[in-house]
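Q: Only the shape, not the letters, is given here:
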């Protein structure tokens, strides 16, 4: 993540934990079954954010480690782990390239909506050597390049661009989504049995407040970027969205994609 500087998600943690949609239970069940999780071994959540996904696996590992480059995210993760009384998790600040050599091995590594920020080929080789012999990798996302945005989503994008410009801000730089697919990068690595699965879609309902809150959880529309214009931006967003849907309720169908791979070929 270093090419974007240290401010990529600065100021977003509170909004991240409150307004990011939760992953469905079907994802948890799938990973438990696919990797034969049984309460043994260790989990690594790389790019863990505020830790909500890792916390849902507390019964399925002896120990869990979450890693992120933003200290505010880890402060929030620590707060949530105390609220949920999860004692077998620790949160580490830094980049995987600098930290992983000291941590021993893992049964499973998960990267949820984080892989695109990384030097993907390099990080895969590091993770490969940090896995147990029966260990695996799961790359999780809800980004679907083929899905057409809804009318209200187009309006949200239009308003953000009106206030922040056409280029997607990412820390100290701008962001362009990688051209080569994640699964192709994994297939070129040392990992075996690479598969991609899209889980059944699920519906979520947004309000104007949660849409704005979710924007503030992102790198490209975090609250700090609007400076003194924050109230005018929010007023613009509210009035524009209520023009589209006076009830202030907006529905979206989300689907989770999971790329899985193992350190060794699995014999069935």
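A: Yep, that arrived. Predicted, not measured: the structure shown is a model, and the values here were computed from it.
Q: how near is the residue most central in space within the chain to residue 21?
A: The C-alpha lying nearest the average C-alpha coordinate of the chain belongs to residue 113 (Cα atoms, centre = their mean; 2.9 Å). According to Cβ to Cβ, to the nearest Å, residue 113 and residue 21 sit 11 Å apart. From N, CA and C alone the C-beta is placed, and that goes for glycine too.
Q: circling back: so what pLDDT did the residue nearest to the centre of the chain get?
A: Residue 113 is assigned 91 on the pLDDT scale.
Q: my guess is it meets residue 139, correct?
A: No - if you go by Cβ atoms under 8 Å, residue 113 and residue 139 don't touch, sitting 9.4 Å apart.
Q: which residues touch residue 236?
A: With contacts defined as Cβ atoms under 8 Å, 6 or more residues apart in numbering, residue 236 is in contact with 159, 162, 163.
Q: Return the member of these nearest to residue 266.
A: Minimum separation from residue 266 among the contacts of residue 236 (Cβ to Cβ) is found for residue 159, which lies at 47.4 Å.
Q: Check the offset of the helix or strand harbouring that closest one from the chain's centre.
A: Element membership for residue 159 (DSSP states H and E) is helix 151-164. Using Cα atoms, centre = their mean, to the nearest Å, the distance from the centre of helix 151-164 to the centre of the chain it belongs to is 22 Å.
Q: Can you give me the buried ones in that helix?
A: 152, 155, 156, 159, 160, 164 (16 or more other Cβ atoms under 10 Å).
Q: how about JSON lines for the residues you listed, with pLDDT added?
A: Rendered in JSON lines, the data for these read as follows (pLDDT from 0 to 100):
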{"residue": "152", "pLDDT": "96"}
{"residue": "155", "pLDDT": "96"}
{"residue": "156", "pLDDT": "96"}
{"residue": "159", "pLDDT": "96"}
{"residue": "160", "pLDDT": "95"}
{"residue": "164", "pLDDT": "92"}
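Q: With that, I have no additional questions.
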